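A.B. asks: What shape does this take:
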Amino acid sequence: MENASKALIMAGSILTAIIIIGFLTKTKMAAKLFQKVYLSEEEQAQLVEYNEQYTKYLGEYVYGTEIVTIINKHNDKNYVNNTDYNLEVNIKFKTDYTYRTQKYVVGSGYVDDLSQNIPAGESLILNTTNADVQKSHSINLGSIRNRAFKCTSIEYDILGRVNKIKFEEID
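C.D. replies: Numbering: from 1, shown residues only. Model prediction:
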C-alpha cells in the first residue's frame, strides 16, 4: 500500500513537470512570434512602401499588361535585393485560356515545355518566387495582355506583407 501511494505521488510529479515544461515552451514560442511581428519604424515604412505597389490595384480595372508588370516588378525586386518574398497571383478567366511554359535548359536557353489549358471559370495561380518563375520556368503571358481584369482581393502574411493578389477577367 505504501509503494502504491509513492508511485502515485511520483506519477503526479512527472505530470506536473510535463505541464510546466509545455507551458514554458508555448510561452517562449509566443514571445518569439511577438518579436517577429513587432517592427521598427524603418521596417514599418518599408512594409507600407512594399504594400502600396500592390494595394493600389484593389478594386481597379487593369489589362493583362499590368498583371505581367506586377509579376516582373516583384521578381526584379526579389532578384536585386536577394530576397525570396512570395507573391501568389491568382488570375480567374471567364473564357478558356491557353498558355505555354518554357523550361530553362543549360546551353539552349529557354525552350518550350508544354501548353496548358485553363477552362472558363478556373484560375491560373502563379507562385512568383524567383525559383518558380524566373529561374526554372518562364510563363508566356503574352496572350492576356489585351484582356481586361479587375483586382478582387489582396491577402497579407503574418507580418502584414502582401502575399496574394487575385484578379478576375471581366467582359
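
A.B. asks: where are the low-confidence patches of the chain?
C.D. replies: Within the chain, the stretches with pLDDT under 70 are 1, 32-39, 78-84, 99-115, 128-142.

A.B. asks: Now do the same contact list for Lys94.
C.D. replies: Neighbour list for Lys94: Ala120, Gly121, Glu168, Glu169, Ile170, Asp171 [criterion: C-beta atoms under 8 Å, 6 or more residues apart in numbering]. Where C-beta positions appear, they are placed from N, C-alpha and C, glycine not excepted.

A.B. asks: show me where this protein has strands.
C.D. replies: 61-63, 88-92, 97-105, 109-118, 123-127, 137-140, 148-156, 162-169 (DSSP state E).

A.B. asks: count of neighbours near Ile70?
C.D. replies: With neighbours defined by other C-beta atoms under 10 Å, the count for Ile70 comes to 21.

A.B. asks: Please tell me I have it right and it contacts Lys166.
C.D. replies: No. Counting by C-beta atoms under 8 Å, Ile70 stays clear of Lys166, with 11.9 Å between them.

A.B. asks: nearest to Leu47, of the contacts of Lys94?
C.D. replies: Nearest to Leu47 among the contacts of Lys94 is Glu168, at 26.7 Å by C-beta to C-beta.

A.B. asks: quick one: the closest one and Lys92 touch, right?
C.D. replies: Yes. With contact defined as C-beta under 8 Å, Glu168 reaches Lys92; the gap is 4.5 Å.

A.B. asks: ok, those two, which is more surrounded?
C.D. replies: Lys92 (19 against 16).

A.B. asks: State the distance from the more buried one to Glu2.
C.D. replies: Going from Lys92 to Glu2 by C-beta to C-beta, to the nearest Å gives 73 Å.
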